[in-house]
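K.L.:
below are the sequence and a predicted model; questions follow.
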Amino acid sequence: MARPLNIAFVHPDLGIGGAERLVVDAAISLQKRGHNVVIYTMHHDVSHCFEETRDGTLDVRVGGNWLVPRSIGGRLYILCTILRSLMLARHVISDPEQYDALFVDQLSAPIPLLKYAHAHIFFYCHFPDYLLARRNTLWQRVYRAPFDLLEEFTTGEADEIVVNSRFTQETFRTAFPRLNRVPKVLTPALNFEAYDKPIDANDPLLCTLRTRKRVVLSINRFERKKDIGLAITAFSKCCKTLLAKKNDAESATSTSRCCLVLAGGWDPRVLENTQYLKELDTQARQLGLCTRTVAPRGANKDVYALLPGGAVSATAMFDDESGHNSEFGEGEALSERLASIDVLFLPSFTENQRAYLLSIARCVVYTPTNEHLGIAPLESMYMRVPVVAADSGGPLETIQHGKTGYLCAPVEDEFAMAISRLLNMDDDKWKAMGGAGHERVRLAYSLDVFGSRLEQLIVGMFQRPARASMVMGVLLVGFIVSTVCLSLLFTWWK
């Protein structure tokens, strides 16, 4: 084993998404190998985070969020995020604790400034940010141009660059041709201990999820690029197609007794999250599906106002604390309280809720196209649940078509057909498919394999001199100040 190192992770927002799961797992894997680990972040909500970041397993330090807002008038998000990241970098630099390495991910902008921490920089690129930004208008293209240049420039200042899949590796080479660097691939892993924990059956937050229906599950952030609407249209088509076959009693029974659960990251501070959830609810209702939204744990009146109408508390079917459950009869069995619901929205679920849903799901539907990797398919396969995913991006590397799930063109007909196949599949064959997925993840995506590879890459950095001069930090600040002025000028002019 390498000598114990002091390693700091620098991550923008420590929520419950796939990127956050990777950071948490990476930190835990290095900690288990004897290294000292700290996580710096701009935002950490203890009610909206992974358990390891709030139970004392990991040392989480928050900074950089006291001066710059998340946006200016609901605009200039990327500008504000970069400015906040520089504030966070200053917080890391000013910490009296000295670090051997800094693990930076998602946002490359603070890398040159972080050189003042006298540490080697390890950058984990989930996906080039500029490929995710919208450029539908001239204003958007002009506004994004300096930030695209900044991303490429600052990414190149890292001492080591790593990506999460071969798909992202090739995308990186195309996106940043001037860097002339080929990043190494370090595929994320799962912390099996977190998934092997027994489910707390007495958890009242499970009350709104108990059903005798067959569950079709989607786990994704509520963002438009995740194309969650495809899951709704495919599920609706699947239901209508199978119910039309009235002579096929098994198919009709399977479809009338199934429910689509859409669970995922949802942050009331993010406008897109709140808008998209309401759009999805409207879409489902227009298709004739009965919907229900379960509010996040601890939601207040302000949060309820951001949710689709008729949202219930996580324990609304168990007690009467929220005042939203008057429609449910006192003597009604918990297992029947979802009988009339076709689509259940579960924003900001807990780990116990996730484990329960994966334990009862018949299949997991993963809808993003050209997704750089996707943690949800790995989670599902490990929990012995077959996956239906778009046949592009990372899922091509993780899912074995016909063996651990199905890869389909991202159109409703093909997704509906794959869902129907799994709903009506013989139980023995379904269990064999789930078992194959579990074995694949266990052998190829363990935290031990990931941690060993990560440690090797970090130690390998020290065999080479630091890549950039600290003078770049000064140039970065000058660049940002100029960009701020130009952005504000364009905003005022527009």
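P.N.:
On my side now, so go ahead. Numbering: from 1, shown residues only.

K.L.:
so residue 124, which state does it fall into?
P.N.:
Each residue gets one of three states, and residue 124 gets strand by DSSP: H, G, I helix; E, B strand; the rest coil.

K.L.:
and the nearest residue to it once chain neighbours are set aside, how far from residue 82?
P.N.:
Excluding the flanking residues, the one nearest residue 124 by Cβ to Cβ, 6 or more residues apart in numbering is residue 105, at 4.0 Å. Every residue, glycine included, has its C-beta placed from N, CA and C. Distance, residue 105 to residue 82, by Cβ to Cβ, to the nearest Å: 15 Å.

K.L.:
of those two, which one has the most company?
P.N.:
The residue with more neighbours, out of residue 105 and residue 82 and counting by other Cβ atoms under 10 Å, is residue 82; that gives 24 against 21.

K.L.:
for that one, which three-state class applies?
P.N.:
Under three-state DSSP, residue 82 falls in the helix class.

K.L.:
which SS state does the residue nearest to it when sequence neighbours are not counted fall under?
P.N.:
Leaving aside its sequence neighbours, residue 82 sits nearest to residue 109 (Cβ to Cβ, 6+ apart; 4.5 Å). Recorded secondary structure, residue 109: coil (three-state DSSP).

K.L.:
how about residue 215?
P.N.:
Three-state assignment for residue 215 (three-state DSSP): strand.

K.L.:
and if you look at residue 205?
P.N.:
When classified by three-state DSSP, residue 205 comes out as helix.

K.L.:
isn't it right next to residue 348, touching?
P.N.:
No: counting by Cβ atoms under 8 Å, residue 205 sits too far from residue 348 to count as a contact (11.1 Å).

K.L.:
need the residues touching each of the two.
P.N.:
Taking Cβ atoms under 8 Å, 6 or more residues apart in numbering as the criterion, residue 205 and residue 348 both touch residue 297.

K.L.:
more neighbours: those two, which one.
P.N.:
Neighbour count, other Cβ under 10 Å: between residue 205 and residue 348, residue 348 has more, with 27 against 19.

K.L.:
excluding its backbone neighbours, what's nearest that one?
P.N.:
residue 296 (3.8 Å).

K.L.:
direction included, what does the helix or strand residue 9 falls within pair against?
P.N.:
Residue 9 belongs to strand 6-13 when assigned by DSSP states H and E. The pairing partners recorded for strand 6-13 under DSSP bridges are strand 36-43 (parallel), strand 101-105 (parallel).

K.L.:
and the following helix or strand past the last one, what does it pack onto?
P.N.:
Tracing the chain C-terminally past strand 101-105 and defining elements by DSSP H and E, one meets helix 111-114 next. The contact analysis (3 or more Cβ pairs under 8 Å, 6 or more residues apart in numbering; DSSP states H and E) places helix 111-114 against helix 77-94, strand 101-105, strand 120-125, helix 138-155, helix 471-493.

K.L.:
which one of those has the lowest average pLDDT?
P.N.:
Comparing mean pLDDT across those, the weakest is helix 471-493, with a mean of 59.

K.L.:
and the closest residue in space to residue 394 that isn't next to it in sequence, how many neighbours?
P.N.:
What sits nearest to residue 394 in space, not counting adjacent residues and going by Cβ to Cβ, 6+ apart, is residue 373, at 3.6 Å. Close neighbours of residue 373, defined as other Cβ under 10 Å, add up to 25.

K.L.:
now for residue 373: which residues touch it?
P.N.:
18, 126, 164-165, 167-168, 187-188, 393-394, 397-398.

K.L.:
distance of it relative to residue 189?
P.N.:
Relative to residue 189, and taking Cβ to Cβ, residue 373 is found at 11 Å.

K.L.:
CA atoms only for stretch 107-120, dumped as PDB, please.
P.N.:
Extracted in PDB, the C-alpha atoms of stretch 107-120 (Å, rounded to 0.1, in the frame of the first residue of the first chain):
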ATOM      1  CA  LEU A 107     -16.100  21.800 -12.500                       C
ATOM      2  CA  SER A 108     -12.600  22.500 -13.700                       C
ATOM      3  CA  ALA A 109     -12.600  26.300 -13.300                       C
ATOM      4  CA  PRO A 110     -10.900  26.400  -9.800                       C
ATOM      5  CA  ILE A 111      -8.100  24.100 -10.800                       C
ATOM      6  CA  PRO A 112      -5.400  26.800 -11.500                       C
ATOM      7  CA  LEU A 113      -6.300  28.600  -8.300                       C
ATOM      8  CA  LEU A 114      -6.100  25.400  -6.300                       C
ATOM      9  CA  LYS A 115      -2.500  25.200  -7.400                       C
ATOM     10  CA  TYR A 116      -1.800  27.500  -4.500                       C
ATOM     11  CA  ALA A 117      -2.600  24.600  -2.100                       C
ATOM     12  CA  HIS A 118       0.700  23.100  -3.300                       C
ATOM     13  CA  ALA A 119      -1.000  19.800  -4.100                       C
ATOM     14  CA  HIS A 120      -1.200  17.700  -7.300                       C
END
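
K.L.:
contacting residues for residue 31?
P.N.:
By Cβ under 8 Å, 6+ apart, residue 31 lies in contact with 37, 58.

K.L.:
apologies, that question was intended for residue 406.
P.N.:
By Cβ under 8 Å, 6+ apart, residue 406 lies in contact with 386-389, 399, 418, 421-422.

K.L.:
among the residues you listed, which are in strands?
P.N.:
Counting by DSSP state E, the contacts of residue 406 place 387-389 in strands.
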